[in-house]
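Asker: My questions concern the predicted model and sequence given below.
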Amino acid sequence: MSENEQSELNLSGCLKSGYDGEFTIIIEELTFKAIIGILEEERTEEQLVVVNCKIDYENKENFINYADVCDLIQNSIVKHQFELLEDALVHIEKKLLEKYPQIKKLFLQVKKPEILKNALVGVEILRKY
C-alpha cells in the first residue's frame, strides 16, 4: 500500500470513528444596519455595521450552528444600541460563551464602514479559553 493510500485510509478511518478534533466556524461580512456609536447622529440614524467572527470549538457532536451565531450577533447589536464597539464585543462574547461553553477560541470584529470617508474602522477581540 502506498503512503498516499495509507494516508487516505487513516483519514477516512478517523472520520468514520467519530473523530472529535477542533473545528472553526467562519463568519465573514455579516452586514446590517444599527444604532451604534457615541456621536449625536449615530444615536439617531442607523449605520452600516460589518461583523467578522471565527469560533474554534471541539467535538462535532456538540456543534455550533453558524446561523444561530449570526442571529445572536445581529440581534444583540440592533437591540442594545451600544455606544461603544467595545461594549458590543464584550456583550456578544458573554452571550456566546453562555450559549456555547465548548468555545475554545473566539475572534470577533465589528467595523463601521461609513463613519469615516477615508478609512475603514472597527474594533476586534481575540480570546482563548
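Answerer: Right, received. Where do you want to start? Numbering: from 1, shown residues only.
Asker: Show me what stretch 38-47 is in contact with.
Answerer: Stretch 38-47 has contacts (CB atoms under 8 Å, 6 or more residues apart in numbering) with Lys33, Ala34, Ile35, Ile36, Gly37, Gln81, Glu83, Leu84, Lys112, Glu114, Ile115. Using the backbone N, CA and C atoms, a C-beta is placed for each residue, glycine as well.
Asker: of those, buried ones?
Answerer: Buried members of these, scored by 16 or more other CB atoms under 10 Å, are Ala34, Ile35, Ile36, Gly37, Lys112, Ile115.
Asker: now, which of these sits nearest Ala88?
Answerer: Nearest to Ala88, judged by CB to CB, of the buried ones among the contacts of stretch 38-47 is Ile36 at 6.7 Å.
Asker: Quick check, pLDDT for the closest residue to the closest one other than its chain neighbours.
Answerer: Nearest non-adjacent residue to Ile36, counting by CB to CB, 6 or more residues apart in numbering: Phe82, 5.4 Å away. pLDDT for Phe82: 98.
Asker: so Phe82 touches Ile92, yeah?
Answerer: No. Using CB atoms under 8 Å, Phe82 makes no contact with Ile92, being 9.7 Å away.
Asker: ok, the two, which is more surrounded?
Answerer: Neighbour totals were compared for Phe82 and Ile92, and Ile92 leads with 24 against 21 (other CB atoms under 10 Å).
Asker: Please identify which helix or strand holds the spatially most central residue of the chain.
Answerer: Centroid check for the chain by CA atoms, centre = their mean gives Cys53 as the closest residue, at 2.6 Å. Following DSSP states H and E, one finds Cys53 within strand 47-58.
Asker: Could you list the low-pLDDT ranges of the chain?
Answerer: Scanning the chain for pLDDT under 70 picks out the ranges 1-20.
Asker: the strands in it, which residues?
Answerer: 22-34, 47-58, 103-112, 121-128 (DSSP state E).
Asker: In a markdown table: the ones you listed, plus distance to Gln74.
Answerer: Below are the strands of the chain laid out as a markdown table (distance: least, CB to CB, whole Å):
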| stretch | distance to Gln74 |
| --- | --- |
| strand 22-34 | 5 |
| strand 47-58 | 8 |
| strand 103-112 | 11 |
| strand 121-128 | 16 |
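Asker: Fine, thanks again, bye for now.
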